[in-house]
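Engineer: only geometry, no sequence info:
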């Protein structure tokens, strides 16, 4: 697939990340149309060239168009899927009748489907079997990408030719896209780091110190790598942008939705109250149970993710969960 054939780019999802990705595609010289669920968001993008609901303070390229019909966004040479992960199946099913066979679907959501434990690429294999699937992952705060601050990401596809074509079509000097053939590793990194970021936020909220956070990041990386290997990914991917890079960013910044949610939990705020005041999605809240369920299927241990899931979804006492982690036997570091 040639880069020159990817002129019209559709973006499904006009949240902060979808809007930032539209800016990336526009800067790369592409024609861009974004699907917005809320009519007022589409109106703001089309006529005021802003998205104050999800990306306040950022002026958008006037050439970016918005629609309230998702089927319009897939009339494109490549489609970026930037909806929350738990909506991927429903929207893919809706788009399937109008999807042109072979059109690239670039997954830009980070998560594992609840109940099924499916990766987003597995969801698309079922619902959009005619799509050429790729995954975009890595350390990316939407507001920084939208402001054109330097960023580097992983673009993974089993077909490296597809990955390279998408990278050439969408990459810019300040949005660097490194290619990989390890779709599974890139997806696992993006999903699990959200759960670990909640844990790091809890550590900060409980004032357990920087030593504890460094230990959690390191042992969390071991959990992430264990899952990727069990699913057929490679360890090297988790040492890159979609693993260690994304984990480092998300676990160390209040700007992270997942870290900030964990921080509030660590300060004894109820989860329901935290979620009620947000317009954006902290994917780790939904992925925690999915990660634990998938770990059970794969017969691997992920104690940090299990503790986060217990606190979020099973009514576990926060201090008891922390004490449980600290009471675990200490073994070889490579285990």
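Structural biologist: It's in. In this text, all values refer to a predicted model and were calculated from it rather than measured experimentally.
Engineer: helices of the stretch 151-300 of the chain, start to end?
Structural biologist: 160-170, 183-205, 210-230, 235-238, 246-250, 257-266, 271-276, 283-298 (DSSP state H, counting those that start in this stretch).
Engineer: quick one: closest of those to residue 7.
Structural biologist: helix 160-170 (8.2 Å; CB to CB). The C-beta positions use only the backbone N, C-alpha and C, and glycine is treated the same way.
Engineer: list of residues touching the closest one?
Structural biologist: 1-3, 5-6, 9, 24-25, 28, 30, 78, 104, 106, 132, 134, 155-157, 177-181 (CB atoms under 8 Å, 6 or more residues apart in numbering).
Engineer: what is the neighbour count of residue 229?
Structural biologist: Counted with other CB atoms under 10 Å, residues neighbouring residue 229 total 17.
Engineer: quick one: residue 316 from residue 290, how far?
Structural biologist: Distance, residue 316 to residue 290, by CB to CB, to the nearest Å: 17 Å.
Engineer: name the SS class of the spatially most central residue of the chain, please.
Structural biologist: Centroid-nearest residue in the chain: residue 110, 2.5 Å away (criterion: CA atoms, centre = their mean). State at residue 110, reduced to three classes by DSSP: H, G, I helix; E, B strand; the rest coil: coil.
Engineer: how close does the residue nearest to it when sequence neighbours are not counted sit to residue 111?
Structural biologist: Of all residues not flanking residue 110 in the chain, residue 190 sits nearest, at 3.5 Å (CB to CB, 6 or more residues apart in numbering). With distances taken as CB to CB, residue 190 is found 8 Å from residue 111.
Engineer: of these two, who's got more company?
Structural biologist: The neighbour comparison of residue 190 against residue 111 (other CB under 10 Å) goes to residue 190, with 32 against 27.
Engineer: for residue 17, give its distance to residue 326.
Structural biologist: Distance of residue 17 to residue 326, computed by CB to CB: 35 Å.
Engineer: the more surrounded of the two?
Structural biologist: Set residue 17 next to residue 326 and count neighbours by other CB under 10 Å: residue 17 wins out with 28 against 9.
Engineer: for that one, what are its contacts?
Structural biologist: For residue 17, the contact set (CB under 8 Å, 6+ apart) comprises 82, 108, 140, 142.
Engineer: derive a ChimeraX selection command for the buried subset of the contacts of helix 160-170.
Structural biologist: In ChimeraX syntax, the buried subset of those is picked out as below (16 or more other CB atoms under 10 Å):
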select :1,6,9,24,25,28,30,78,104,106,132,134,155,156,157,177,178,179,180
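Engineer: from the contacts of helix 160-170, which land in strands?
Structural biologist: Among the contacts of helix 160-170, the ones falling in strands (DSSP state E) are 9, 78, 104, 106, 132, 134, 155, 156, 177, 178, 179, 180.
Engineer: run the chain-centre distance for stretch 323-335.
Structural biologist: Here the centre of stretch 323-335 is set off from its chain's centre by 28 Å, with CA atoms, centre = their mean, to the nearest Å.
Engineer: wait, what's in contact with residue 216?
Structural biologist: With CB under 8 Å, 6+ apart, residue 216 has these contacts: 196, 199, 200, 203, 251, 304.
Engineer: and the last one, how close does it get to residue 214?
Structural biologist: Right, residue 304. Taking CB to CB, one finds residue 304 at 13 Å from residue 214.
Engineer: for the fourth one, same thing?
Structural biologist: Counting by CB to CB, the separation of residue 203 from residue 214 is 10 Å.
Engineer: neighbour count: those two, which is higher?
Structural biologist: Between residue 203 and residue 214, counting by other CB under 10 Å, residue 203 is the more crowded of the two (24 against 14).
Engineer: wait, that one sits on residue 266?
Structural biologist: Yes. With contact defined as CB atoms under 8 Å, residue 203 reaches residue 266; the gap is 6.9 Å.
Engineer: what is the burial count for residue 26?
Structural biologist: 17.
Engineer: quick check: chain neighbours aside, which residue is closest to it?
Structural biologist: Distance criterion CB to CB, 6+ apart; nearest residue to residue 26, sequence neighbours excluded, is residue 61 at 4.3 Å.
Engineer: burial count for the one you found?
Structural biologist: Residue 61: 13 neighbours (other CB under 10 Å).
Engineer: what's the spacing between it and residue 19?
Structural biologist: 11 Å.
Engineer: same deal with residue 12?
Structural biologist: To residue 19, residue 12 is 12 Å away according to CB to CB.
Engineer: same check on residue 78?
Structural biologist: Distance, residue 78 to residue 19, by CB to CB: 17 Å.
Engineer: residue 198 now?
Structural biologist: For residue 198, the distance to residue 19 - CB to CB - is 24 Å.
Engineer: cool, residue 236 as well?
Structural biologist: To residue 19, residue 236 is 32 Å away according to CB to CB.
Engineer: residue 185 now?
Structural biologist: Taken as CB to CB, the span from residue 185 to residue 19 is 27 Å.
Engineer: what of residue 186?
Structural biologist: Counting by CB to CB - residue 186 and residue 19 are separated by 22 Å.
Engineer: one more: residue 258?
Structural biologist: To residue 19, residue 258 is 19 Å away according to CB to CB.
Engineer: between the contacts of residue 216, which sits nearest residue 52?
Structural biologist: The nearest member of the contacts of residue 216 to residue 52, counting by CB to CB, is residue 251 at 28.7 Å.
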